[in-house]
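> Generate a structure from the sequence data that follows.
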Amino acid sequence: MDDVKLLTRIWLGLTLVAQLNAERAPGLHARVEILRDKWGVPHIYAANPDDLFFAQGWIAAKDRLFQIDLWRRAGSGRLAEVVGPSAVGRDRIARALCYRGDWNKEWESYAPDARAIVAAFVNGINAYIRSLNGRRPIEFQIAGFDPGIWSPQDVVSRAAGLEVTANLTREVERATDIAKFGVNATEQFAPPDPFVHLLLPAGIDVRAITSEIVRDYEAASAPARFGDGGSNNWVIDGSMSATGKPLLASDPHRQILVPSLRKIVHLVAPGWNAIGAGEPALPGIELGHNQTVGFGLTIVGTDQEDLYVEKLNPANANQYMYRGEWKAVEIEKQAIAVKGAAPVNVELRRTLHGPILYEDRARHLAYALRWIGAEPGGAAYLGALSAARATNWKEFLAAMARFKAPAENMVYADTAGNIGWIAAGAAPVRANWTGLLPVPGDSGQYEWSGFVPVANLPQSFNPARHFLATANNKILPPKDPKPIAYDWADPFRVQRIEQMLSEPKKFAIADFERMQYDVVCLPARRFQAIVRKSRPARHGDVVDEFLKWDTRLTADSRPGLVYELWMSVLISSIYPRGWTGGVRIEVVLNMLEAHPNASAIADALDRTMSLLESNLPHREDWKWSALHRLVLRHPLDAASMKLGANLPPVPRPGDTETVNAAGGDRGIEGASYRQILDVADWDRSVVTNTPGESGDPQSRHYRDLLDDWLAGRYHPLPYSRKAVEAATEERIVLEP
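Numbers count the residues shown, from 1 in each chain. Take a look at the predicted model:
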């Protein structure tokens, strides 16, 4: 019997050793344990914060090295050296946007220990890269280059923030529409909210403003590829929940990518016990919870950018006018390495307002960007290093003073039962203009006057209605609205959330899961009412089916397909040809309700039927997914066919106005990550992420979460050590 026990112990010991992966990681101070759960999430346990973030960098590199290397190159302006000449323009912009201020203020802005955290994080990335000993992971073999060594400055590169602060393009679009159609038409079709008249600043010629100004700027904000924003969140207090404690839901909408934009991680060390999602190239988390506080985010849309039109000296293009004097353009010469071609010499040119994006030498004009990214603490999301350690509402508000970019609606819940919300982010004060249009840089009359204090930003704490919800909608208070922006998403998603939260029940996690995947389309309901009053005489069977439709925009919905095409055709008939400023469905519906146009509605349906019958001749094929599919392509694109890294197209329900939002080219915009936090028991919290936690196409965690994400199935987010141990499938021990 004793021999049997001994053999059993030996066998169990060997089994445990087989499950354990031990790694040397020079640079650590002490042993670090990483428990990877069955969904691919790493739970990192360290003896000190320095080792904690070293290990986070190490595991991020192990799981997502090719992805974060591309992001590093895109942020630092070194993409052309592996992609080729097509990336030179975006590289120039990325280099021009690099932070050039006081580095002590930069690091302190995020958190008192941000410099040390970032240094440890990049040390961990670099330690993993060096451990490869020159071996190229499979993606690098196909792409033909080696991963580069990181510096702390790579983590705070600014180009990544363009995608989520991109008000600049709206200024250009608005100016070009005024040039084509006039101020009155622009106010009608794209009214600012709250409404103000569009006043063209003296000295601005809108005919000189073209999309060419932001061509490289837009390229710099796009995902890095080879070859060719919206969100929801809400929180309820214990009076509305089945547990008697708050429940918090958040599903930030960005581009749905492969590998996933978000990476879930659990960080445990003295002073840290936080779990949630962040971006793999950043330390910490962006949304999630610690022991006492949970938080989630959506984009506010605060105007954090301005385009300045600078007057160049006709006799010397290296000078620009400011307050009656010629000032020297700051010039920094650099060479951009280019794959397959000679290096390209560029000049990074700046005025006192910021980097010059474009120059029109024929008109002696330059266009400079002033934006939040030039300020200390202007790197996207890094201010969450402070938010992740807040233990109460007061500390959370103090952390929000450090969270400058991008501007986010932060919802909050804590174990004491409190809930809150703040429209966080640096909001420039424009004393004498709205920021809706480009402004002259020479007069000195259009300068920022500091930033709105955190205490004056829109916010709420323990509201009387017992819940808070945002969905990129207008969040300005009705009384004394101090505009921090004039462009918002349509209100339909937040209206639908509020409808569902008004149900007479006590809400549980399953209810929030249903809500996050809700595809009821409220604008379709309003359009049904319009059609009933102006019913087309033709295509009666299609009209009847549309009017009986429950407006759930499922992937197999035939009336949903008809609605989407019908509205698209109708909008193209209402808006002027060549309109660039975007379309708000609410504005279109308001127009149709105020001035019903039966002939336009009927003509649009005729055109819709013609399109359907010519492209989908069999009516059994008329379903929303015939046009609306998610296509997930690896950054290597065609080259990744060797890996099978591109995923098959999948049908997508919903559109940009449903809570389960889905939009953009190839259906790639929406919520790749969703979280529902149970404050009563953190271990009951659940999440989805897609397509998987790993960026390695050969890993089983590369796409193992996609099917669940599509079906609306969540997985647990284990937090206590007991729950983590129960879910662990791999143990990694890092030794110094």
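> Pull up the gap between Glu171 and Val309, please.
According to Cβ to Cβ, to the nearest Å, Glu171 stands 11 Å off from Val309. For the C-beta atoms, the positions are set from N, CA and C on the backbone; glycine is no exception.
> Now do the shared contacts for these two.
Counting by Cβ atoms under 8 Å, 6 or more residues apart in numbering, the contacts common to Glu171 and Val309 are Pro438.
> Among the two, which residue is more densely surrounded?
Neighbour totals were compared for Glu171 and Val309, and Val309 leads with 25 against 21 (other Cβ atoms under 10 Å).
> Sheet-wise, list the partners of the helix or strand harbouring the more buried one with their directions.
Assessed by DSSP states H and E, Val309 sits inside strand 305-313. Sheet partners assigned to strand 305-313 using DSSP bridges are listed as strand 316-322 (antiparallel), strand 365-371 (antiparallel), strand 439-440 (parallel).
> Could you check how many residues crowd around Pro194?
Residues near Pro194, counting by other Cβ under 10 Å, number 12.
> in the stretch 151-300 of the chain, which spans are strands?
Along the stretch 151-300 of the chain, the stretches classed as strands by DSSP state E, counting those that start in this stretch are 230-236, 247-255, 263-269, 272-278, 287-289, 293-299.
> which of the strands paired with strand 305-313 is buried the deepest?
When you average the neighbours per residue for each of the strands paired with strand 305-313 (mean count of other Cβ atoms under 10 Å), strand 365-371 leads with a mean of 24.
> In the chain, which residue is most central in space?
The chain has Arg254 as the residue nearest its centroid, 3.9 Å off, counting by Cα atoms, centre = their mean.
> Tell me who's in contact with the residue nearest to that one when sequence neighbours are not counted.
Once flanking residues are discounted, Arg254 sits nearest to Leu261: 5.4 Å by Cβ to Cβ, 6 or more residues apart in numbering. Leu261 makes contact with Arg254, Gln255, Glu279, Ser672, Tyr673, according to Cβ under 8 Å, 6+ apart.
> circling back to that earlier point, out of the strands paired with strand 305-313, which comes closest to Ala47?
strand 365-371 (40.2 Å; Cβ to Cβ).
> what mean pLDDT does that closest one have?
Average pLDDT, strand 365-371: 97.
> that older thread, if I look at the residue nearest to the centre of the chain, how far off is Trp566?
From Arg254 to Trp566 the distance is 29 Å (Cβ to Cβ).
> Please apply the same query to Ala22.
On the measure of Cβ to Cβ, Ala22 and Trp566 end up 61 Å apart.
> now do Gly296
Going from Gly296 to Trp566 by Cβ to Cβ gives 35 Å.
> swap in Gly301?
Distance of Gly301 to Trp566, computed by Cβ to Cβ: 28 Å.
> The longest helix seen in the chain to strand 272-278, inter-axis angle?
Identified as the longest helix of the chain according to DSSP state H is helix 49-76. Calculated by axes from the mean of the first three to the mean of the last three Cα atoms, to 10 degrees, helix 49-76 forms an angle of 20 degrees with strand 272-278.
> tell me the angle of helix 49-76 relative to strand 263-269?
150 degrees.
> which other helices and strands contact helix 49-76?
Judged by 3 or more Cβ pairs under 8 Å, 6 or more residues apart in numbering; DSSP states H and E, helix 49-76 is in contact with strand 32-37, strand 42-45, helix 88-97, helix 114-131, helix 138-143, helix 152-155, strand 263-269, strand 728-735.
> Packing partners of the fifth one?
Taking 3+ Cβ pairs under 8 Å, 6+ apart as the contact definition, the neighbouring helices and strands of helix 138-143 are helix 49-76.
> Can you give me the buried ones in the helix it packs on?
49-76 (16 or more other Cβ atoms under 10 Å).
> Repeat that for stretch 355-367.
Pro355, Ile356, Leu357, Tyr358, Glu359, Asp360, His364, Leu365, Ala366, Tyr367.
> what's the distance between the residue nearest to Pro252 when sequence neighbours are not counted and Val300?
For Pro252, ignoring the flanking residues on the chain, the nearest one in space by Cβ to Cβ, 6+ apart is Ser231 at 4.3 Å. For Ser231, the distance to Val300 (Cβ to Cβ) stands at 10 Å.
> do Pro246 as well
The value you get for Pro246 to Val300, if Cβ to Cβ is used, is 22 Å.
> for the protein, which spans come out with low pLDDT?
Low-confidence segments of the chain (pLDDT under 70): 1-19, 166, 223-230, 638-642, 664-667.
> returning to what we had before: which of Ala22 and Trp566 has more neighbours?
Legend: neighbour count by other Cβ under 10 Å for Ala22 and Trp566, higher for Trp566 (26 against 11).
> what sits against the more buried one?
Applying Cβ under 8 Å, 6+ apart to Trp566 gives the contacts Phe527, Phe546, Ala604, Leu605, Thr608.
> one more time with 7 Å
Ala604, Leu605, Thr608 (Cβ atoms under 7 Å, 6 or more residues apart in numbering).
> Kindly list the longest strand within the protein.
strand 341-351 (DSSP state E).
> count of neighbours near the closest residue to Pro440 other than its chain neighbours?
Take Pro440 and drop its neighbours on the chain: the residue closest to it by Cβ to Cβ, 6+ apart is Gly203, 4.2 Å away. By the criterion of other Cβ under 10 Å, Gly203 has 13 neighbours.
> Phi and psi next, for Gly203.
With angles defined as degrees, to the nearest 10, Gly203 sits at phi 90, psi 0.
> Okay, it and Arg577: tell me how far apart.
Using Cβ to Cβ, which is the criterion applied here, Gly203 is 30 Å from Arg577.
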